[in-house]
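Engineer: I'd like to go over a predicted model; first the sequence, then the structure.
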Amino acid sequence: MEYRLDLNNLYKILELVRDYNCKLLPVIKGRDEEDILKIYNEGLREFGENRLNELSDHKRFLPETSFHFIAPLQSRKIHEIMNSCDFIHTLQRPKEILTINECYKNQDIFVQINIDDDPNKSGIQTNEVDEFFDKFEGLNFFPVGIMCIPSFDADPKSSFNKMSKINEKLKKDFNNYKGELSMGMSGDYKIALDYGATIIRIGSKIFN
């Protein structure tokens, strides 16, 4: 299936995120180079990456661009990811913490939370958040925020409300936590904005 850029939707979303002081992160997995360049030429300089094998090509024709890795991490590829990306959204395992700590170079790191405790979703369980964040004490980095992907059959309002509450508690408990919220995709980003999203990850809404 061929996807084409919908500039009209892009402009609408850009206007909306400005109103919410949020960041639009276009997800460019499998997208046409010409369409990605059109987004770049609109002034966007941060893009979401799912596939490490596409990243080198994208870096070639997108100069002065920051990449966000938004797919599940593979331990053996973390060094390569850290060398190529300025943002990691999917930290979820203790062994990933240690590997990232070894090659950390001022990237912004997000912890992925399985906000609906769905066995088919990635991320730490909601009851593990405090214990997981304690693991960063004394390391070279501390997460800047949390990320989630709600379950398909969940009410996104409930999911994002839980994320917002977890985020507020983390801000109170950890002075060096910045409180970034990476949540909301093409089908639910408007709801995510109402619950405090600071980054929305959009693919199909601008490529259709």
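Structural biologist: Done, it's in.

Engineer: which one's the longest strand in the protein?
Structural biologist: Secondary structure of the chain read by DSSP state E shows that its longest strand is strand 108-114.

Engineer: what pairs with the closest residue to Arg31 other than its chain neighbours across the strands?
Structural biologist: Spatial nearest neighbour of Arg31, chain neighbours left out: Phe207 (5.7 Å); criterion: Cβ to Cβ, 6 or more residues apart in numbering. (Glycine included, C-beta is placed from N, CA and C.) Note on Phe207: beta-bridge partners by DSSP bridges are Leu5.

Engineer: got a list of what the residue positioned nearest the centre of the chain touches?
Structural biologist: The centroid of the chain falls nearest to His89 when counting by Cα atoms, centre = their mean (4.3 Å). Contacts here follow Cβ atoms under 8 Å, 6 or more residues apart in numbering; on that basis His89 touches 68-70, 110, 112, 147, 182, 201.

Engineer: give me that answer again for 7 Å
Structural biologist: Taking Cβ atoms under 7 Å, 6 or more residues apart in numbering, we find His89 in contact with 68-70, 110, 112, 147, 182.

Engineer: Just among the residues you listed, which is most surrounded?
Structural biologist: Greatest neighbour count in the contacts of His89, by other Cβ atoms under 10 Å, goes to Ser182: 29 neighbours.

Engineer: Can you tell me who that one pairs with across the strands?
Structural biologist: Counting by DSSP bridges, Ser182 is bridged to Met147, Ile199.

Engineer: what sits against it?
Structural biologist: Going by Cβ under 7 Å, 6+ apart, Ser182 touches 89, 110, 145, 147, 199, 201.

Engineer: Apply 6 Å and report the result again.
Structural biologist: Residues near Ser182 by Cβ atoms under 6 Å, 6 or more residues apart in numbering: 89, 110, 147, 199.
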